[in-house]
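[1] Below are the sequence and a predicted model; questions follow.
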Amino acid sequence: MEFADPDRPLDPKRIRVTNDAVRPLLRGVDWSGIDEQWVGSRPLSADGLPLIGGTATPGVYVGGGHGMWGLTLGPLTGELLAEQITTGHPPALTAGLDPLR
């Protein structure tokens, strides 16, 4: 995790280190075709826990605030939100993650 100014330009060294770390895991990828690089903020909630569930506006749900774990936890968050939306009840796994806490 890196705490930095959100407008700070990307650091080519950090991108190179990340690419070098994943190369052995992604065999067969043509790395010569990279023509664009970007970085973005990794939003966190005030208490550092994800926000998963309904909001004060009926029919509006949130699944965010995962910080650097967004890609990892995104599929599970989607399943949990789908369960809440279809059943009308928040799943037990989302206890403590209510966006209105």
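    It's in.
[2] For the rest of this, base every contact and every neighbour count on C-alpha atoms.
    Will do.
[3] So what pairs up with Y61 in the strands?
    In this structure, Y61 bridges to G54 when assessed by DSSP bridges.
[4] again, but for the one 5 residues further on
    In this structure, H66 has the following beta-bridge partners (DSSP bridges): L44.
[5] In what element of secondary structure is the residue most central in space within the chain found?
    The centre of the chain sits closest to G70, judged by C-alpha atoms, centre = their mean, with a distance of 1.7 Å. Assigned by DSSP states H and E, G70 belongs to helix 70-87.
[6] Same question for that helix: list its buried residues.
    Using 16 or more other C-alpha atoms under 10 Å as the test for burial, helix 70-87 gives 70, 77, 80-82, 84-85.
[7] farthest pair in these?
    G70 and I85 (20.3 Å; C-alpha to C-alpha).
[8] Most remote residue from the middle of the chain, which is it?
    S32 (27.0 Å).
[9] pLDDT value on that residue, please?
    You'll see S32 listed with a pLDDT of 86.
[10] does it count as helix, strand or coil?
    helix (DSSP: H, G, I helix; E, B strand; the rest coil).
[11] So it versus V39, what's the distance?
    For S32, the distance to V39 (C-alpha to C-alpha, to the nearest Å) stands at 19 Å.
[12] ok, now H89?
    Plainly put, H89 is 36 Å away from V39 if you go by C-alpha to C-alpha.
[13] same thing with W69?
    According to C-alpha to C-alpha, W69 and V39 sit 15 Å apart.
[14] Please apply the same query to D11.
    From D11 across to V39, the span is 9 Å (C-alpha to C-alpha).
[15] same check, this time on P90
    As judged by C-alpha to C-alpha, P90 and V39 stand 33 Å apart.
[16] my guess is E83 contacts P90, does it?
    Yes. If you go by C-alpha atoms under 8 Å, E83 and P90 touch, sitting 7.4 Å apart.
[17] circling back to that earlier point, looking at the buried residues of helix 70-87, which is nearest V22?
    For the buried residues of helix 70-87, the nearest to V22 is G70 (17.4 Å; C-alpha to C-alpha).
[18] pLDDT score assigned to the closest one?
    pLDDT recorded at G70 is 86.
[19] change the start of the numbering to 452 and stick with it
    Okay, using 452 as the starting number, the last item reads as G521.
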